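> Predicted model and sequence below, questions to follow.
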Amino acid sequence: MAFLELHNIKKAYYLDKQAFPVLKGIDLQFEQGEFVSILGESGGGKSTLMNIIGGVDRNFSGEVLIKGTPLDHKQEKQLDDYRRSMVGYIYQSYNLISHLTVLDNVLVALDMTALSREERRKRALKLLDQVSLSDQAHKHPNHLSGGQKQRVAIARALASDPQIIIADEPTGALDSQNTQEVLTLLDQIAKDGKLVIAVTHSQEVADHGTRVVHLADGKIDGDERLRPAYDLPKDPTVVKSQQLPAMASYRMSFKHLMYNFWRNSLIMLGTAIGIFAVLLFSGLGNGINGYIQNQINSLTNPRSITVFKNPTGKHLTQDQIQSSLMQNLSADPQSMMIDSGALRRLGKVDGVASVQKGNIISGYRLSYKKLQQSGTTLTTWNKSVTSSSIKHGHRPGSNEIVLTKQQASQLTDAKNYRKIIGKPVNISFKWVNSKGDPVAINGTVKVAGLSEGASAQTTVSYGTMQRMLRDSGAVTSPNFVAVSASSLSDVQKVDNRINNLKNAKGERMFGAITVGSILKTVNTYVHLASTILAAIAGISLLVSALMIIVTMYMSVSERTKEIGILRALGERKKDIRRLFTSESIFIGLFSAVLALVIVIVVTVILNHTLYGMIKYNIVQITAGNVIFAFAVAVVISFIAALLPARRAARLNPIDALAAD
Ligand SMILES: Nc1ncnc2c1ncn2[C@@H]1O[C@H](COP(=O)(O)OP(=O)(O)OP(=O)(O)O)[C@@H](O)[C@H]1O
């Protein structure tokens, strides 16, 4: 049983369905330790035969047997294994990978062995030493002479310790001295017990071997033994092969990315701008939401719900509640009064922590010395009012009032409005008695403080109001209630429950107003705006994805030969696919990192600049935003690489190797 046997190998190329037979039934047997030269006229089918022996060509008929076991060339996986473990290729045009160093070119083959990382490195350096190139290990191939390149190719072919070395015109591009050196190396390889098959036109090469096979018109027409085959070594070292680990693909794609760093950095910058915009707009959305929330919370108590009587019995919106209140307060104050039964119902609502009675008066007059002022609403102090609105003085105590800054200015003078604090002012308004007849209320209260800003209100304590009403014989029932929810997250639920409370007739009893729902509306708009902005940024991400697709396609075209080399070395389609997808994901990840750096710088600048004005960090990027941006970057770059990577993986290794 011969080491390698070819039985009736036939191969034809097809052009427009017309067959052009190249190999017309080849039968050959090879042994280990042989150095076989295949001679023949140009176009005679020598390279075609080598591709079949080397396991890169699957479309032929006939049988290839290794140690008596047929090679199933229909099964791609088996051929991948065969190339990886059994075959080393040496080409006329060297076929080194230009973006890898000499050492890395050798290591590419060693990546598919079971050796440890250190052992692989040692073996690569030893092989380079054997071909006298250890001092060139860190150069790139374009800095080597032709002879040196071919010696690197020999070192690479031997790296995984294959049993068959196929050399397709290995000296075709070399001068006589380099030819001699390469032939000596090939002879040494055969001496080490390998089967060397060299395709050549040169008689000099043929004379160097142990056997010459002549091919003419697709058939063997001569097979001459010059010397006996070399004996097999007694204890051959065996390097076990394995499938390419994913890590090796990642390393290689990273090296390629770095080799083309400047070109890639432009694509990364483009992608980073898109991701940056998404991050910034999300951060700005968060910031604006937070800012508004902060502002509203500083004006009122967000846990407080203001409850009025619902005179219609029907569902009312917040705006409708407010306008019906203003109308009824002056036209029919009694219609808004809340009786004790209704108050009890409110206190029992789930999630209500406390119920505080209050009065709101529409239309009143203030007088101080000879000056008078008329106001629209006077409210009793309650939990929905925050002390922060009082800029001077304090909240109203017994027989005290808090005026707005504007009222104080009108009752004194604009410059010295603050001097009214501590002074008594007269207050008068109209209310009703229990019969519904109008009653004039008059009282004197001391100014406790002044409120300013958007939430400025005129307030007296509830006790003060009750006393004034009682003293004049008016009805003392409350006409609003400040309800506190037990927690902030419950406010909306409690608001709904109160709005849905019904009396025996099935009419709704109350209308409730919360700042939370105002906040919710505002935040909905802010969220909408930031989503629209982020979507616009998404368009730039789409452009980035297109850029990555184009770059990857270009990369596949540029690296076609490399793909052929890697496939010939035994890499699977999957490995090629991973090579391109991982490079694209690296681009995505680097872009995301770059975007993060830019957004951090911009955030610091924006927040620093605007803080002086609004006392708030307006851009707030959360960890969730960053994770989302990275996820988007990885997903986009992965999707962008899918088609180019698929194209690369599907390339026919022979066509890929023939690429310029
Ligand atoms: N992919 C292909 N499609 C069609 N015809 C092909 C293809 N590859 C090779 N051929 C044809 O097959 C024949 C054999 O080619 P092959 O390269 O095997 O010859 P060769 O003996 O190695 O030639 P040379 O010594 O010039 O390298 C040639 O006529 C060539 O034109």
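Everything's here; your move.
> tell me the SS of residue 27?
Three-state assignment for residue 27 (DSSP: H, G, I helix; E, B strand; the rest coil): strand.
> Please verify my assumption that it contacts residue 2.
No - between residue 27 and residue 2 there is no contact under Cβ atoms under 8 Å: 11.0 Å. Every C-beta, even on glycine, is put in place using the N, C-alpha and C of the backbone.
> Can you name the residue of the stretch 501-650 of the chain nearest the ligand?
Distance from the ligand to each residue of the stretch 501-650 of the chain (Cβ to the nearest ligand atom) is smallest for residue 564, at 12.6 Å.
> list the contacts for that residue?
By Cβ atoms under 8 Å, 6 or more residues apart in numbering, the residues touching residue 564 are 95, 651, 653-659.
> Next step: the residues you listed restricted to helices.
Among those, the members falling in helices (DSSP state H) are 653-658.
> Mind checking which of those are buried?
A residue is treated as buried here by neighbour count (16 or more other Cβ atoms under 10 Å); on that basis the buried members of the ones in helices among the contacts of residue 564 are 653-654, 656-657.
> returning to that earlier point: so of the ones in helices among the contacts of residue 564, which two are at opposite extremes in space?
In these, the most distant members under the criterion Cβ to Cβ are 653 and 658, with 9.7 Å between them.
> what does stretch 538-545 contact?
Taking Cβ under 8 Å, 6+ apart as the rule, stretch 538-545 contacts 267, 270-271, 273-275, 277-278, 591, 632, 636-637, 639-640.
> restrict the residues you listed to contacts with the ligand.
The subset of those lying close to the ligand, counting by Cβ under 6 Å from any ligand atom, is empty.
> any idea where the strands of the stretch 251-400 of the chain begin and end?
Under the criterion DSSP state E, counting those that start in this stretch, the stretch 251-400 of the chain carries strands at the ranges 304-309, 352-358, 360-368, 371-380, 390-393, 400-404.
> what's the closest of those strands to the ligand?
Closest approach to the ligand among those (Cβ to the nearest ligand atom): strand 304-309, 81.5 Å.
> could you say what helices and strands the closest one packs with?
Under the contact criterion of 3 or more Cβ pairs under 8 Å, 6 or more residues apart in numbering; DSSP states H and E, the helices and strands touching strand 304-309 comprise strand 480-485, helix 491-499, strand 510-514.
> tell me the average confidence for the last one?
This means strand 510-514. In this model, strand 510-514 carries a mean pLDDT of 87.
> Kindly calculate the angle that it makes with helix 491-499.
For strand 510-514 against helix 491-499, the angle by axes from the mean of the first three to the mean of the last three Cα atoms, to 10 degrees is 160 degrees.
> got the CA positions of strand 510-514 in CSV?
Output in CSV follows, covering the C-alpha atoms of strand 510-514 (Å, rounded to 0.1, in the frame of the first residue of the first chain):
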residue,chain,number,x,y,z
PHE,A,510,-63.9,64.8,43.2
GLY,A,511,-61.5,66.2,40.7
ALA,A,512,-57.9,65.7,41.6
ILE,A,513,-54.8,67.6,40.4
THR,A,514,-51.2,66.5,40.7
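> so what does that strand touch, helix or strand wise?
Under the contact criterion of 3+ Cβ pairs under 8 Å, 6+ apart, strand 510-514 touches strand 304-309, helix 318-331, helix 491-499.
> okay, these in JSON lines with distance to the ligand and mean pLDDT next?
Listed next are the helices and strands packed on strand 510-514 as JSON lines, based on distance: least, Cβ to the nearest ligand atom, whole Å; pLDDT from 0 to 100:
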{"stretch": "strand 304-309", "distance to the ligand": "82", "mean pLDDT": "89"}
{"stretch": "helix 318-331", "distance to the ligand": "78", "mean pLDDT": "81"}
{"stretch": "helix 491-499", "distance to the ligand": "72", "mean pLDDT": "88"}
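> where does this protein dip in pLDDT?
In the predicted model, the chain carries pLDDT under 70 at residues 299-300, 516-519.
> of all of the stretch 351-500 of the chain, which residue lies closest to the ligand?
Checked against the ligand (Cβ to the nearest ligand atom), the nearest residue in the stretch 351-500 of the chain is residue 489, 71.3 Å away.
> now do the same end-to-end measure for stretch 11-21.
Terminal residues of stretch 11-21 lie 6 Å apart, using Cα to Cα, to the nearest Å.
> what's in contact with it?
With Cβ under 8 Å, 6+ apart as the test, stretch 11-21 has contacts from 10, 22-23, 45, 48, 52, 57, 59-61, 218.
> what does stretch 627-647 give?
For stretch 627-647, contacts defined as Cβ under 8 Å, 6+ apart pick out 271, 275, 278-279, 282, 541, 544-546, 548-549, 552-553, 555-556, 576-581, 583-585, 587-589, 591-592, 595-596.
> For residue 572, which non-adjacent residue is closest in space?
Spatially, and ignoring its direct neighbours in sequence, residue 572 is nearest to residue 80 (4.9 Å; Cβ to Cβ, 6 or more residues apart in numbering).
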